[in-house]
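Asker: What follows is a predicted structure for the sequence shown.
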Amino acid sequence: MDRRKVKTIKSIREAFAKLLQTKRYGEITVQDILDEANVGRSTFYEHFRTKDELLHLICDDIFDHVFCHTLSPEAHHDFSHTDDYRHVVEHTFYHFEEQKGLIKGILRSEGREIFVDDLNKHLHSLVYDYIFKVYQCTKFDEDLLVNHLISTLTELALWWLNRDCTESPEKMAEYYFWLIIPVLTAKD
């Protein structure tokens, strides 16, 4: 993609993210995004069909980094080249904390369902790529276990964000494992 397109998409994305922190999703119009990004209507529609599509892109931006399997070194939480599922969960909470203004804006609005659905899809890979490498469950069906692991982490993250991230990411990761370890068995 050429630089102008990348710059335009970035401008639109940043404008929408800024608006989400001050207005409810349902109140934001495409015209609001155009005005904030200083782009024309045809430019917006060249890249996005709807603001839902734009919200999916923003969610993907958040989740693609959080759940990237080759995490690059970061200033205050370097989890690069780790297969430790506990650190990956902690990393998830760090990024939610960094993006809490944007995420809380999304969660206060009609965009909540899109965010939660996208989060659950990404958590599915976290469960299989990290947790199932170390643990298994012989007590009940795997689909039920996956649902439990994903919904527990989703609800814990939503609870934490609603409380303005008052606990540390390390503590939240610890809470998560306190909630799920009783149903898991270490693999041999």
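Answerer: Right, received. Where do you want to start?

Asker: Need the phi and psi values for the spatially most central residue of the chain.
Answerer: Nearest to the geometric centre of the chain sits Phe63, at 4.1 Å (Cα atoms, centre = their mean). Note on Phe63: its backbone torsions stand at phi -70, psi -30 [degrees, to the nearest 10].

Asker: One more: Tyr135?
Answerer: Dihedral angles (degrees, to the nearest 10) for Tyr135: phi -120, psi 160.

Asker: quick one: pLDDT of the residue nearest to the centre of the chain?
Answerer: Note on Phe63: pLDDT of 82.

Asker: contacting residues around it?
Answerer: 118-119, 122 (Cβ atoms under 8 Å, 6 or more residues apart in numbering). All C-beta spots, glycine's among them, are computed from the backbone N, C-alpha and C.

Asker: cool, and Cys137?
Answerer: 145, 183-185.

Asker: measure the closest residue to Asn38 other than its chain neighbours to Lys23 for me?
Answerer: The shortest distance from Asn38 to any non-neighbouring residue, by Cβ to Cβ, 6 or more residues apart in numbering, is to Ser11 (7.2 Å). Distance check for Ser11 against Lys23: by Cβ to Cβ, to the nearest Å, it reads 18 Å.

Asker: Near the residue nearest to Asn38, how many other residues are there?
Answerer: Other residues within reach of Ser11 by the criterion other Cβ atoms under 10 Å amount to 16.

Asker: Summarise which helices and strands the helix ranked longest in the chain is packed against.
Answerer: For the chain, the helix reaching the highest residue count under DSSP state H is reported as helix 142-162. Secondary-structure packing of helix 142-162 (3 or more Cβ pairs under 8 Å, 6 or more residues apart in numbering; DSSP states H and E): helix 85-98, helix 100-107, helix 112-126, helix 169-180.
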